[in-house]
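Trainee: Return atomic coordinates for the entry below.
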Amino acid sequence: MISDGRSRTRTYAAGALALLAFATGCGDNGGGGSAPAAQGTGTASAAPRPTGGAPATAAPTTAAPAGADAAAWAKWNLTPLAPAPAPPADKPIKLERTGTVPVFSEVKTNDKVVFVTIDDGAEKDPKFVEMLTDLKVPISMFLTRDIVRNDYAYFKPLQALGNHIQNHTVDHPVMSKIPAEKQKSEICDAQSALTQQYGTAPLLFRPPFGDGAGTATLNTSVQQCGPRAIVLWRESMQIHDMQYQAGDKKLKPGDIILAHFRGPSELKGATMTQMFGDLLARIQEQGFSVARLEDYIQAPAS
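Mentor: Alright, predicted model coming up:
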């Protein structure tokens with residue numbers, strides 16, 4: 001059950017290039033199909049403030065919270081985020097072993113935290129691995145098999161930091177436009193490949209664009225393949241700022257944020273680390289910390 005009441009490649013070959021062109025619409029710009037959880041007004045920085053780019057020596061402008069490695073954050077031109085509180089002993093989201101899987105785009109919590117999820121896996125920038133190793137900001141990775149299969153190893157250092165690998169289909173289709181058996185193979189084949197490569201079966205599934213998340217057909221396919229929840233989002237990171245579903249364009253405790261593994265060709269010249277640095281700055285401006293999504297979810301009893 002779920003206790004939340006709120007609503008809810010770089011090119012490697014010609015075929016992969018076509019897949020990436022389609023996948024870059026994943027949820028945040030309406031490409032290929034509008035996501036139920038991604039509709040809403042967007043905001044854009046009037047004057048972009050690039051952060052998180054090339055390492056620098058400038059000191060942070062405010063005192064770092066206790067335990068934060070201020071030097072590591074300063075290396076990326078960032079000020080440390082306040083640390084997230086300890087994970088709750090009583091998990092707000094409790095998943096069952098069988099039956100209909102819940103669909104959620106936020107977690108019910110009073111903690112002033114948000115959760116960062118990153119999709120697809122097209123951009124494999126070693127600087128981003130370095131950045132996450134330095135900053136230790138938790139993320140959840142929803143990987144698309146055919147986008148990551150040329151370099152599964154890239155994501156293993158990120159996994160070794162405690163970040164979880166989750167399921168985002170085989171080749172990023174619009175799920176409601178394919179038959180039930182194809183939906184099942186998209187989820188099951190990705191589940192098998194990701195489990196084999198990373199040693200742990202994904203607990204969560206995200207449909208491309210959020211499409212079909214509320215349908216019985218997709219829910220049944222997810223149940224048959226192993227994930228025990230469908231995860232959507234409340235905000236999506238663009239280049240320098242987020243698109244918000246909420247009319248007030250503000251983060252709320254427990255919001256799930258969508259971002260993507262993207263590079264300069266998709267980010268109008270910005271790098272993955274610059275985009276991620278800007279995301280952290282936007283989160284910090286609103287007084288939030290970043291927590292690990294899976295720390296707020298109780299997996300089914302084995």
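
Trainee: In space, what's closest to the residue positioned nearest the centre of the chain - neighbours in sequence excluded?
Mentor: Nearest to the mean C-alpha position of the chain, by C-alpha atoms, centre = their mean, lies residue 117 at 1.5 Å. Once flanking residues are discounted, residue 117 sits nearest to residue 140: 4.6 Å by C-beta to C-beta, 6 or more residues apart in numbering. Quick note: C-beta positions are derived from backbone N, CA and C, even for glycine.

Trainee: does the residue nearest to the centre of the chain belong to a helix or a strand, and which?
Mentor: Per DSSP states H and E: residue 117 is located in strand 113-120.

Trainee: what's in contact with the following helix or strand past that strand?
Mentor: Next helix or strand after strand 113-120 toward the C-terminus (DSSP H and E): helix 126-135. Helix 126-135 is contacted from outside by 52, 69, 72-73, 75-76, 78, 139, 154, 157-158, 161, 163, 261, 271-273, 276-277, 280, using C-beta atoms under 8 Å, 6 or more residues apart in numbering.

Trainee: Restrict helix 126-135 to CA atoms and write it as PDB.
Mentor: What follows is helix 126-135, C-alpha atoms only, in PDB (Å, rounded to 0.1, in the frame of the first residue of the first chain):
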ATOM      1  CA  PRO A 126      33.200  11.000 -16.300                       C
ATOM      2  CA  LYS A 127      33.100  14.400 -14.800                       C
ATOM      3  CA  PHE A 128      29.600  13.700 -13.500                       C
ATOM      4  CA  VAL A 129      30.900  10.600 -11.700                       C
ATOM      5  CA  GLU A 130      33.700  12.800 -10.200                       C
ATOM      6  CA  MET A 131      31.100  15.300  -9.100                       C
ATOM      7  CA  LEU A 132      28.800  12.800  -7.400                       C
ATOM      8  CA  THR A 133      31.800  11.200  -5.800                       C
ATOM      9  CA  ASP A 134      32.800  14.600  -4.300                       C
ATOM     10  CA  LEU A 135      29.400  15.800  -3.300                       C
END
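
Trainee: before we move on, the earlier item: from residue 277, how far off is the residue nearest to residue 117?
Mentor: 19 Å (C-beta to C-beta, to the nearest Å).

Trainee: same thing with residue 192?
Mentor: Taking C-beta to C-beta, one finds residue 192 at 35 Å from residue 277.

Trainee: Neighbour count for these two, which is higher?
Mentor: For residue 192 versus residue 277, the count of surrounding residues by other C-beta atoms under 10 Å is larger for residue 277: 24 against 15.

Trainee: Look up the pLDDT of the more buried one for me, please.
Mentor: Residue 277 carries a pLDDT value of 98.

Trainee: Test my guess that it contacts residue 77.
Mentor: Yes. Using C-beta atoms under 8 Å, residue 277 is in contact with residue 77, at 6.8 Å.

Trainee: Show me where the stretch 51-200 of the chain has its helices.
Mentor: For the stretch 51-200 of the chain, the helices defined by DSSP state H, counting those that start in this stretch occupy 70-75, 126-135, 145-148, 156-160, 180-198.

Trainee: Out of the ones you listed, which gets nearest to residue 267?
Mentor: The minimum distance between residue 267 and the helices of the stretch 51-200 of the chain falls on helix 126-135, with 12.2 Å, by C-beta to C-beta.
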